[in-house]
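*Asks:* From the sequence below, what's the structure:
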Amino acid sequence: METRFRSLTRIYRTKLVVALVLLGSSLAAMAQSATFAVSQNGKPVGTASYTFAPNSGGFDSTSMVRVNMQGLSYQLSKNEELSPNNALKHVQLSAIVNNSAVSVVAKPDAAQFLLNISANGRSSTTRLDAHNLTVFLPDFDPGALETLLAIAAGSNNRDLWAIIPKQAGTIEQIQLATYPDEKGTLDGKPIVTHHLIATIAGSTTDLFAGPENQLLQAELPQQGFALIRNGFVLTPPARPLSPPPAPSPAPANNPPAQ
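*Replies:* Down below sits the predicted model:
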């Protein structure tokens, strides 16, 4: 009897392994990822990417950002656990901003959201009011904007909040307005391009999204910065590809011609 039980166990174990392999392949096929160029006034200054993969309890989300330009060296790595409806379960962020290391660990705690922040050799803990539809929103993070589009689609653009992990951290309400569709192409093919504007703490971000609410482009509140999905072209561009020419210098104070 014991021998038979072990044989059956091996059979069931083999079937379970096969099922898990198939499930893993299916989940991998369902994973979403995208890569973006980070530009300022049309000039490439870095890259950004995100990956979303389903797990048994919701989604794993990963974002990577690299920006290197005069006056700004910025590296970001963010890992999130999200519920099936994209609610925040856990966030871990590591960043280097102009050679200064920053790390943030955040998670819900009862009726609040707990942030443990380490920066410049100092640590702090911040408790923020918890809201159901909240996005953890670091600078230049396309994964956070993709999550915002996902939860906005299910809430009619209402009751949206953003955790801003700067200094001690704050939580800000997001006002999301819908504008007429724009025109664009993705990998050379026309794509329906929805236009939304998010207002967060008085600053606006133009968001351009595809028919499945996938992020295509973001015009960021920082002067001249944009995230542009690889292969996407907005026609015409939301902003000029280069800064406007400087005005001509004023003429010298010569006496008027006689």
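*Asks:* And the pLDDT at Ala19?
*Replies:* The per-residue pLDDT reported for Ala19 equals 40.
*Asks:* which residues touch the residue nearest to Glu219 when sequence neighbours are not counted?
*Replies:* What sits nearest to Glu219 in space, not counting adjacent residues and going by C-beta to C-beta, 6 or more residues apart in numbering, is Asp206, at 3.9 Å. For the C-beta atoms, the positions are set from N, CA and C on the backbone; glycine is no exception. Contacts were defined as C-beta atoms under 8 Å, 6 or more residues apart in numbering; by that measure Asp206 touches His195, Leu196, Ile197, Gln217, Ala218, Glu219, Ala238.
*Asks:* My impression was that the third one belongs to a strand - is that right?
*Replies:* Meaning Ile197. Yes - following the definition DSSP: H, G, I helix; E, B strand; the rest coil, Ile197 is counted among the residues of a strand.
*Asks:* and it, bridged to which residues?
*Replies:* When assigned by DSSP bridges, Ile197 has beta-bridge partners Ala177, Asp206.
*Asks:* if I look at it, how far off is Gly169?
*Replies:* 24 Å (C-beta to C-beta, to the nearest Å).
*Asks:* neighbour count winner among the two?
*Replies:* Each of Ile197 and Gly169 has its neighbours counted (other C-beta atoms under 10 Å); Gly169 has more, 21 against 14.
*Asks:* how close does that one sit to Asp129?
*Replies:* For Gly169 relative to Asp129 (C-beta to C-beta), the value is 12 Å.
*Asks:* Next: Ser61.
*Replies:* Following C-beta to C-beta, the distance that separates Ser61 from Asp129 is 22 Å.
*Asks:* in the protein, which spans are helices?
*Replies:* According to DSSP state H, the chain carries its helices in the segments 2-30, 142-155.
*Asks:* Pick out the shakiest of those helices, pLDDT-wise.
*Replies:* Mean pLDDT, when computed for each of the helices of the chain, is lowest for helix 2-30, at a mean of 37.
*Asks:* and the closest residue to Met64 other than its chain neighbours, what does it touch?
*Replies:* Distance criterion C-beta to C-beta, 6+ apart; nearest residue to Met64, sequence neighbours excluded, is Ser49 at 5.1 Å. Ser49 makes contact with Ser33, Ala34, Thr35, Phe36, Ser63, Met64, Pro142 under the criterion C-beta under 8 Å, 6+ apart.
*Asks:* Who is Ser49 paired with across the strands?
*Replies:* Here Ser49 sits in beta bridges with Thr35, Met64, going by DSSP bridges.
*Asks:* cool, Asn79 as well?
*Replies:* Here Asn79 sits in beta bridges with Thr62, Gln92, going by DSSP bridges.
*Asks:* check contacts around it.
*Replies:* Asp60, Ser61, Thr62, Val91, Gln92, Leu93.
*Asks:* what sits against the fifth one?
*Replies:* Which is Gln92. Gln92 makes contact with Lys78, Asn79, Glu80, Ser103, Val104, Val105, Ala106 under the criterion C-beta under 8 Å, 6+ apart.
*Asks:* before we move on, what about the fourth one?
*Replies:* Val91 makes contacts with Lys78, Asn79, Glu80, Glu81, Val104, Val105, Ala106, Lys107, Phe136, as judged by C-beta under 8 Å, 6+ apart.
*Asks:* again, only using 10 Å
*Replies:* 61, 78-82, 104-107, 113, 115, 136, 138, 144, 163, 165 (C-beta atoms under 10 Å, 6 or more residues apart in numbering).
*Asks:* quick one: it from Met64, how far?
*Replies:* Here Val91 is placed at a distance of 15 Å from Met64 (C-beta to C-beta).
*Asks:* One more: the fifth one?
*Replies:* Remark: distance between Gln92 and Met64 (C-beta to C-beta) = 13 Å.
*Asks:* list residues touching both of these two?
*Replies:* Applying C-beta under 10 Å, 6+ apart, one finds that Gln92 and Met64 are jointly contacted by Ser77, Lys78.
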